[in-house]
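Participant: Got a sequence here, can you model it:
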Amino acid sequence: MRWLRSLAGPVVLGLAIAALVLWRLPPRAADVPRGPVAAASEALQAEAEDRVSYAAAVRRAAPSVVNIYTRKLLAERRRPLRDDPLYRRFFDQSAQHQQQRMESSLGSGVIVSREGYILTNAHVIDGADEIIVLLADGREAQARMVGTDVETDLAVLKVDLDELVAIPVGNSSQARVGDVVLAIGNPFGLGQSVSQGIISALGRGLGLNTYENFLQTDAAINRGNSGGALIDAYGNLIGINTAMLDSSSSQGISFAIPVKTAIKVLGDIVRHGQVIRGWLGVQAQQLPPDAARALGLSPPSGLLVQEIQPGSPAEAGGLQVGDVITHVNGEPVFDGAYSTNLIADLKPGTQVRLQVLRGNAPLSIATTVGTRPTVN
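Facilitator: Alright, predicted model coming up:
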């Protein structure tokens, strides 16, 4: 028993030391009660990891958006050395030597094919003697103009460079009011910038061009953004930025040409050198609401034919001044802009059927779609 008593002291001492060590060690995380501060910190971290961001969409589209610099040579008369009557008598001011000065303007464009085709606005490159394109990767190249379409304010350029990134093309026909959009361009020459907003309205007409079907957005589009990309939340091109409501101040109202229109213009210009549009040779205006109701139509349905061009498809089909067109190929007509676009989308050489009212009598008129004359 004596040997047991001799071991008791060391055992007790060891247990005491072990208890002291365990007391000084920090508790495991799983054993610590989670207070409100710790819980909030973990929630914020999770939210940061799952935050809403359009960075992926911008990374996908931004390499295809370019800056456009145009140079135009302008003739400028030299001012006389003095406004002396004797000087003016001996020197014909109309024959004074002329100076040339270079004027630069800024805009944007979108690479839509790896072959180097670029879409921009016609007004961006209007009258330019030289067009320089600056890519997002820092490369610079001189562009040649393939063609323009003043009726939609679109132009097609081409650069000869390797390893170009073409932007993914979306479907503007599926755009909805409230969809998130991003505008990418070169505002005020600052360099590539991105603004964010939503689609505010569809099918807007401003009277700027012959063919208009604008996407309205509150994404900021400023000087220099013209010709740049309007993309959806996934980085797909859905429009070409073209106009703002008031250039003197930001109103949150800007406009873009739908990509469906832009791609058709591009394809026609590349293949045919011009845009091919359907044509009937009719001048018409929207039927006034009172007249529409008197004919049993719901406004704004109905176009009143005011003029028919001689030798046109409309004349060949028997359409007359005073007829009211209510349907084109079974599709009801609305305002003049909508119907103009509807007819322009018809393929020349195909048959079209018009439903009209002549007086109170309904008629069906068939004719062959013609090709709209080119507008320079």
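Participant: only C-alpha atoms for contact and neighbour calcs from this point on.
Facilitator: Will do.
Participant: Where do the domain boundaries of the protein fall?
Facilitator: Residue ranges for the domains of the chain, per automatic domain parsing: 58-75+104-274, 278-371.
Participant: which stretch in these has the least confidence?
Facilitator: Lowest mean pLDDT within the domains of the chain: domain 278-371, a mean of 84.
Participant: and that one, how far from the chain's centre?
Facilitator: 30 Å (Cα atoms, centre = their mean, to the nearest Å).
Participant: Can you give me the end-to-end span of it?
Facilitator: 5 Å (Cα to Cα, to the nearest Å).
Participant: Same check on stretch 144-158?
Facilitator: 5 Å.
Participant: Contacts only, for the closest residue to A143 other than its chain neighbours.
Facilitator: Computed as Cα to Cα, 6 or more residues apart in numbering, the closest residue to A143 that is not its neighbour in sequence is V159, at 4.8 Å. Taking Cα atoms under 8 Å, 6 or more residues apart in numbering as the contact definition, V159 lies against 116-118, 141-144.
Participant: Is L363 in a helix, a strand, or coil?
Facilitator: Classification of L363 by DSSP: H, G, I helix; E, B strand; the rest coil places it in strand.
Participant: now do Q355
Facilitator: Applying three-state DSSP: Q355 is strand.
Participant: number of nearby residues for it?
Facilitator: 20 (other Cα atoms under 10 Å).
Participant: Let me see the contact set for it.
Facilitator: 325-330, 362-365.
Participant: got the buried residues for stretch 310-319?
Facilitator: 312-315, 317, 319 (16 or more other Cα atoms under 10 Å).
Participant: contacting residues for L119?
Facilitator: 109-112, 154-157, 227, 240, 262, 266.
Participant: Pretty sure A143 sits against L134.
Facilitator: No: look at A143 against L134 with Cα atoms under 8 Å: they stay out of range, at 10.0 Å.
Participant: Emit the PyMOL select command for whichever of the contacts of Q355 are buried.
Facilitator: To isolate the buried ones among these in PyMOL, judged by 16+ other Cα under 10 Å, type:
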select buried, resi 325+326+327+328+365
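Participant: For the contacts of Q355, give me CSV that also has distance to G170.
Facilitator: Putting the contacts of Q355 into CSV (distance: Cα to Cα, whole Å) gives the following:
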residue, distance to G170
I325, 33
T326, 32
H327, 29
V328, 27
N329, 27
G330, 28
P362, 40
L363, 40
S364, 37
I365, 36
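Participant: Just the closest of the contacts of Q355 to L190, please.
Facilitator: V328 (47.0 Å; Cα to Cα).
Participant: who's in contact with the closest one?
Facilitator: With Cα under 8 Å, 6+ apart, V328 has these contacts: 343, 352-355.
Participant: among the domains of the chain, which is the most enclosed?
Facilitator: domain 58-75+104-274 (a mean of 20; mean count of other Cα atoms under 10 Å).
Participant: first vs last residue of that one, how far apart are they?
Facilitator: 32 Å.
Participant: what's the answer for stretch 115-123, then?
Facilitator: 23 Å.
Participant: So what's the gap between that stretch and the chain middle?
Facilitator: 12 Å.
Participant: circling back to that earlier point, need the contacts of V328 in JSON lines with distance to W279, can you?
Facilitator: Listed next are those as JSON lines, based on distance: Cα to Cα, whole Å:
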{"residue": "I343", "distance to W279": "6"}
{"residue": "V352", "distance to W279": "11"}
{"residue": "R353", "distance to W279": "13"}
{"residue": "L354", "distance to W279": "13"}
{"residue": "Q355", "distance to W279": "17"}
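Participant: and of those, the nearest to F188?
Facilitator: I343 (37.8 Å).
Participant: next one: phi and psi at the residue lying closest to K260 once chain neighbours are set aside?
Facilitator: Closest residue in space to K260, ignoring its immediate chain neighbours: S172 at 6.1 Å, by Cα to Cα, 6+ apart. Main-chain dihedrals, S172, degrees, to the nearest 10: phi -70, psi -20.
Participant: which ones are touching S172?
Facilitator: So S172 contacts 238-239, 258-260 (Cα under 8 Å, 6+ apart).
Participant: related to what we said a few turns ago, just the contacts of L119 now: which is nearest Q274?
Facilitator: L266 (9.1 Å).
Participant: The closest one: helix or strand, and which one exactly?
Facilitator: Of the helices and strands defined by DSSP states H and E, L266 is found in helix 259-272.
Participant: got the contact list for the next helix or strand after that helix?
Facilitator: Downstream of helix 259-272, the first helix or strand assigned by DSSP H and E is strand 278-279. Contact with strand 278-279 is made by 313, 343-348, 369-372, as judged by Cα under 8 Å, 6+ apart.
Participant: Report the next helix or strand after strand 278-279 in sequence order.
Facilitator: Downstream of strand 278-279 (by DSSP H and E), the next one is strand 282-286.
Participant: for that next one, packing partners?
Facilitator: Strand 282-286 sits against strand 303-308, helix 336-344, with contacts defined as 3 or more Cα pairs under 8 Å, 6 or more residues apart in numbering; DSSP states H and E.
Participant: rerun at 10 Å
Facilitator: strand 303-308, helix 313-317, strand 324-328, helix 336-344 (3 or more Cα pairs under 10 Å, 6 or more residues apart in numbering; DSSP states H and E).
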